[in-house]
Each structure stands twice: as structure tokens, then as C-alpha cells.
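>>> dropping the sequence and predicted coords here.
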Amino acid sequence: MLKATNLRKEFSTVVAVDNVSLDAERGKILGLLGPNGAGKTTTIRMILNIIQPDSGSITFDGKLFTEEMRDLLGYLPEERGLYKKNKLLNTILYFASLKGIDPKEGKRRAYKWLEKFDLLTAYDRKIEELSKGNQQKVQFITSIIHEPDLIILDEPFSGLDPVNQITLKDIMLDLKHAGKAVIFSTHQMDQAEKLCDDICLINKGKVVLEGDLAGVKSGYGKNSIRIEYDGDAKILSSNSAFSASQIYENYAELVLAESAQPHLVLREISQVLNIRKFETTEPSLNSIFLNMVGDKKFSPEVKDGQQ
Amino acid sequence: MKKALAVAKWEYLEKIKSKSFIISLFLTPIIMIGVGIVPSLLMNRPDSESIVIGIIDQTSSFVAPFEKALEARYKLPNGQPNYILNNLAFDANSNLSELKSKADRMVLDKIVEGYLIITPGVLNDSTIDYRSKNAGNIKITSRLERVLKDVVMEKKAVQKGLDPGIVKEITTTLDLNAIKLTKDGKEESGGFEKIFFSSYVFMMMMFFLIITSGQLLVRSMLEEKSNRVIEVLMSSSPANQLMAGKILGLSALGSTQIGFWAIIGVVMSLKFSMTLLPLESAAILLIYFILGYLFYAAIFVAAGAPLTTEQEAQQVTGYLVMILIIPIMLTIIIVQNPDSTLAKVLSYVPFLTASMMAVRIPIQMPSVIEIISTIILLGLSCVAAIWAAGKIFRTTILSYGKRPSLSELWILIKSK
């Protein structure tokens, strides 16, 4: 669907995006990951043709961008907001009309979505009278009302309660199964891990990790240990058996040093800590993220030259 | 163009329904009419009761002729005299200061509305005091003044041995009847002030449209910036269509307002039989009107797009409004000599073209060459301004925080 190749964008003195390539396929969710200021939004804006890349190319199904393609794109920006003084249904219809949907069809679809989000009775209310969460739902509707082929969602879950998070997740999966290409930009790794088929991790304007999620994770092997425990975890932080560690109050994710044996480690730490759970596993996406962009406190070893 | 129309429709329909628009639509003419007409109506409203005016006449020869003249000139609707004189010559022996303090008390006790002091030297220094609680009541003072003037004049004439009737006759005021000659030698009499007035109205309408629509433009861009809708809009529509749609929609909104008021104005002016512009002049002026308006609209877009806060917006629109005052002030000079070289030169400055022509055309139609060349120049300036505004809009509408300097804006315009 979307293929961005070697995108580069400079702002006066900063290189915001440097040689970024990504590929969003139909029927898949691509996680666009990265810390704050990594260049995610700039990349998205270039894909949406809001700003022009200094170099590189963007194609949709092999064709260069034309104005008609705007109607095939849906976008939920990270910074939320709508016209406060206008009525809910009118607002949705306006965004639909901007995407070339006539009012009659727009109304039909709007009612369908409002019902799905439990907002049908509020259609004639002003946006400012809605709660923040409900405003977000309206904005989500405006981004998909025209049934776009490529949907870009920037932190779609932030600000939603757990119930609505599930509704949104279901819709995202529906979109995926309906053959849409979805780009899901976030820095919440657990959500990305649950939803994405592919990931593209950007840091400081460069792609540092990309590929399908399972492949990326297996590239790190099963040398991670997750434990749940009670007790003083000091023994974990200064232990030569671990090449990296990430320690919480009663949970820790550890990476074994090359020579260390899991069963020996378990014996050693269980003398000090009351271990409730011990698991050897692939590293979580969160650990990988911290490894790639963090300060190397937690760095799983890389196997087979996989980046 | 489809997207521009969608934007224009939204801007127009949503704002025309807003309470603030409807209120200002009706309230403004009501206020204007109120400010313009109510005071004069109040001034001319006849009194319902006679008003008592005191008089201290030290010459003792004033009261009788004054009373007679006053009575003859101002009557109540029921035929009673509007003003009744109360001669306060309490006592021939009492001195003036005593009389005054007594009379002052009468004023404060509302026995008299006010009182006049006619001093013995009145025919020499032509000064008469009127003491009242309400010295600002122009209606009373101007009426008293008018009648007193006649009385004084009559007395002076008699004193100098002249016939008061002849003096009255030779001192009548003069009406200067200005007659405008048109190109083909025809005469148009009497309407000069009115034509001048209607061209001024025309210009004021244009500036009103510029200011209201300009402010709406700036505010609308600011709103979309602060609620971040702009990003979605920019992904849905090309920047130039978005800008065009905004200008179109908000101009239509401003025109609706002006049009509504113009209808009220035309109805009123027909009622008061004021001269309107001839149709041909109005048609040419309309071209200047539209082009001049678009030129300023582009400037408002360019000035408004880089802004982030309401304060900045107020500041910047404030500056722009001040710039708009310059042509209005210049026209006051131009109107005295609309065919001067200065007027001709200024007509070629795009900022001023429309307002110069608004003043010049009704008074004296400029040559065809001048009209065509100024329209072409203004048209080209419009295209350039809109093009530059589009570039600035496209880039700065997504930037927040620091306002770009003029030189930074210039770099933006020059960039590809």
C-alpha cells in the first residue's frame, strides 16, 4: 500500500528525519515506534503530504502522490482537538465532506459510528459539552468516516478508559481484517506488542529496528528472564550473571550473560528472594525499545547480526 | 476547487448560525441609527410644558421686545408659548450680587430653568450670561441665543439710526450652490456633499468588510491551530484550497453582513432622498472594492497564519487596522483636488488604489486608461499577495511558538 523510501527532512539546523524507509501493507498494522522527538510526527506529516520531504519518495500502490489520494488517507493526530462550538454531527459531516463524502452518505455512516461508540443521543450536542474521552471518540470517527485505505493513528489510546480502549482495539483489528493498512504510532510498547504485525522503530530521525514483530523478537533469542518475587532485590542489580537488568519493586526483567545458566541463577537468587514466578523468554518489546533508544542499562545481546 | 468549496461552506454556514453573528447583524445598525438619529430626534422633540426663564434686565428695555420675539418664534404644539419670561427685577435698589444669589436659589429650587443677565453694556460688549443648572442644554441655549441676537441687532440698528427692517434684510445668510460639471458638459446641481458622502460610505463599507472578515480569518486560523484541527485539514485538502476556502467563506459572511446593512442604508437614504451613486460608477467601484478587499485579505492571512496566541492576534490585527486608517486620512486631502498629480500617483499604490478611486470616481471620473491600468496593477498585486500569503500560510500554519521575523517570512516567500 504505502511505501516510503529514504525520506529525509531538515528543519533549519536539525535533521528531523534521516533516511527513513517504511512499508505499510494492506491487512496489517505497522507500529511506528520511537521516543518523543524521534521524528515520528514529521514522518507522518510527509506521508500525509502536509509537508514535503527534502529527498526520498512516497508511493501508494506504486503510484506517486496525487491530490485525489488525500481522500484515501485517514489521520488521527496525537494532539487532539475539534471545533468546540460546533455540533457533533455537523463536525463529523464537515470532515467527511472534506474527504469527498456527500452529506447523505456521511450522515448514514456517522449514525453507524456514533451508535458503535454509544454517542447516538449526543449527535446534536456541541463538542465542548462532551467529555474529553467522548471528544476523542468523535475525532476517531472523523478520521475513518471516509473508509480510507491507509489509516494513521497517532497515540489513539491515550486518554481513553479501559472499556473504550477495548472498543478501539476491536475497531483497529476490524480495519485490519477489512484489508486496510494501519499505521499505529505510539510509545506504549505493550500495546504495540499486542496489536502490531510489523514494527518500525525510529530514534533520532533514523530507523534503528524494523521488520515483523515475531522476527524482531526472536532475533534476541530466549536469553531473557522475567521474575516475580518478594524481598530485597539488591542481589539482582550487582550480579555478574546478568548483562542487563531492569528492576521494579517486585518484578524484574533480566538478560543472562553468555556463560550464565538459568537453573544456577534461579538457585542463587532464590536463597535471598522469595521467587513467585521464574520464566525464560524472549525480551519484551519494551526491553528492546529501551535497549535501542535507552542508556544501555538494559541491553539484551544481539544474535546473528540482527539489528 | 471542491475542497475549497467545502471549507467555504463550513465557514459560512457554521458562523452565520452563531449567536454572536446574528446579534452583531441586528445590533450594529440599531446602534448606528440610534447614535445618528436619536439625539436629533430628542433635540427636535417639542416640549410639553412651557419653560420658565428668569431674566435680570439692568437696561430695563430688553424684557418687552425679547419676550415678544421669543413668544412669536417658539410655541408649544397646543399654541401656548414655549418659554415664559420671569422678570427678576426684584427691587430697583438691590445690587446685582444680591439679585444673583436670589436668582441662583430660584434655579436650584426649580422655580426657573435658568436666568439671563442683561448688563447695561450689552450693546457694546455683546455678552449675556445665562445661568442654569443645566448649562449644557444646547436646545435652550441655542434658541435663546438666536432670539437675543435679533433683539441686540435691532437695538444696535436703532442706536445707529438705521431701519431694523433693512438691517435684517441685508444680513441674511447666503447659500452657496455648488454645481458639478460632468465631462459632457451637463450640470448636476446640489448633490455634491451627498455624492461625496455616498463615496465615503462606499469606502467605509470596504474597510468594514476588510476589518470584520480579516479578523474572522485570523481568529479562524488561530482556532484551528490551537485545537490542532489544522493538521487534519492540511492532510485532507491542499493548503491553497484551504486558504481559498477560508477567504471565500468568510468574505461571503462579511458580505452578507454588509449587504444586509446596505439594504437598510439604501432604504433609509431613499426615505431621506439622498443621492446615490450612478450605476456605472458603482459598477467600476465594485471591481476596485473586490480587488482591494482580496489584497487585504491575503495580507491578513499572511499576518495571521504564523500567530499562536490570542494576544498576538489582537496586536497584529490592531496594526493592520491602523494601516487601514492611512488611506482614509489621505482621501481627506485628495477630495479637495481629485485630479491632482498626487491623487493620480497614489492611485497606483495597491494599498490605496481602491480607496483613492472610491473618492475620485464619484467626484470626477478618471480617464479610461487610468482606470484600466490601475485595475490591472491592483489585480496583479492581488495575485502576488495571494501567492505569497499561500506560501507563508502553508509553512507557518503548522508552527507554534515564536513569531517569525519579517526577514524569515521573506525567505519563506522566496523559497521554492
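Looks like it arrived, so ask away.

>>> in space, what's closest to the residue in chain A positioned nearest to chain B - neighbours in sequence excluded?
Closest to chain B within chain A is A:Gly81: 3.2 Å, counting by CB to the nearest CB. Any C-beta I mention is one placed from the backbone N, CA and C, and that applies to glycine too. Of all residues not flanking A:Gly81 in the chain, B:Asn227 sits nearest, at 3.2 Å (CB to CB, 6 or more residues apart in numbering or on different chains).

>>> check contacts around that neighbour.
A:Gly81, A:Leu82, A:Tyr83, A:Lys84 (CB atoms under 8 Å, 6 or more residues apart in numbering or on different chains).

>>> out of the residues you listed, which end up buried?
Buried members of the contacts of B:Asn227, scored by 16 or more other CB atoms under 10 Å in any protein chain shown, are A:Gly81, A:Leu82, A:Tyr83.

>>> thinking again about what came up before, and the contacts of B:Asn227, which is closest to B:Pro362?
A:Tyr83 (42.8 Å; CB to CB).

>>> for that closest one, what are its contacts?
A:Tyr83 neighbours (CB under 8 Å, 6+ apart): A:Thr91, A:Ile127, B:Glu14, B:Glu223, B:Asn227, B:Val229.

>>> show residues contacting the helix-or-strand element of chain A with minimal mean pLDDT.
Sorted by mean pLDDT, DSSP states H and E, the helices and strands of chain A end with helix A:234-237, the least confident at a mean of 78. If you take CB under 8 Å, 6+ apart as the criterion, helix A:234-237 is touched by A:Phe242, A:Ser245, A:Ile247, A:Ala252, A:Leu254, A:Glu268, A:Ile269, A:Val272, A:Leu273.

>>> just send the residues you listed back as a markdown table, with neighbour count, pLDDT and secondary structure too.
As requested, the contacts of helix A:234-237 are arranged in a markdown table below (neighbours: other CB atoms under 10 Å in any protein chain shown; pLDDT from 0 to 100; DSSP: H, G, I helix; E, B strand; the rest coil):
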| residue | neighbour count | pLDDT | secondary structure |
| --- | --- | --- | --- |
| A:Phe242 | 20 | 82 | strand |
| A:Ser245 | 18 | 81 | strand |
| A:Ile247 | 17 | 85 | strand |
| A:Ala252 | 20 | 88 | strand |
| A:Leu254 | 26 | 85 | strand |
| A:Glu268 | 14 | 85 | helix |
| A:Ile269 | 22 | 85 | helix |
| A:Val272 | 14 | 85 | coil |
| A:Leu273 | 20 | 87 | coil |
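
>>> for those, name the two members farthest from one another.
Greatest spacing in those, by CB to CB: A:Ile247 and A:Glu268 (15.8 Å).

>>> you'd agree B:Gly304 is up against B:Leu222?
Yes. B:Gly304 lies in contact with B:Leu222 (CB atoms under 8 Å); the separation is 6.9 Å.

>>> need the overlap of contacts for these two.
Joint contacts of B:Gly304 and B:Leu222 (CB under 8 Å, 6+ apart) are B:Ala313.

>>> the two: who's more crowded?
Shown here are B:Gly304 and B:Leu222; by other CB atoms under 10 Å in any protein chain shown, B:Gly304 has more neighbours (27 against 19).

>>> residue contacts, the more buried one?
B:Leu217, B:Val218, B:Met221, B:Leu222, B:Ala313, B:Val316, B:Thr317.

>>> top of those residues by neighbour count?
B:Leu217 (26 neighbours).

>>> show me the contacts for that one.
B:Lys246, B:Ile247, B:Leu250, B:Ala297, B:Phe300, B:Val301, B:Gly304.

>>> using JSON lines, lay out the residues you listed together with pLDDT, secondary structure and distance to B:Ile369.
What follows is these, written out as JSON lines (pLDDT from 0 to 100; DSSP: H, G, I helix; E, B strand; the rest coil; distance: CB to CB, whole Å):
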{"residue": "B:Lys246", "pLDDT": "91", "secondary structure": "helix", "distance to B:Ile369": "36"}
{"residue": "B:Ile247", "pLDDT": "90", "secondary structure": "helix", "distance to B:Ile369": "31"}
{"residue": "B:Leu250", "pLDDT": "88", "secondary structure": "helix", "distance to B:Ile369": "35"}
{"residue": "B:Ala297", "pLDDT": "90", "secondary structure": "helix", "distance to B:Ile369": "28"}
{"residue": "B:Phe300", "pLDDT": "91", "secondary structure": "helix", "distance to B:Ile369": "31"}
{"residue": "B:Val301", "pLDDT": "91", "secondary structure": "helix", "distance to B:Ile369": "32"}
{"residue": "B:Gly304", "pLDDT": "89", "secondary structure": "helix", "distance to B:Ile369": "37"}
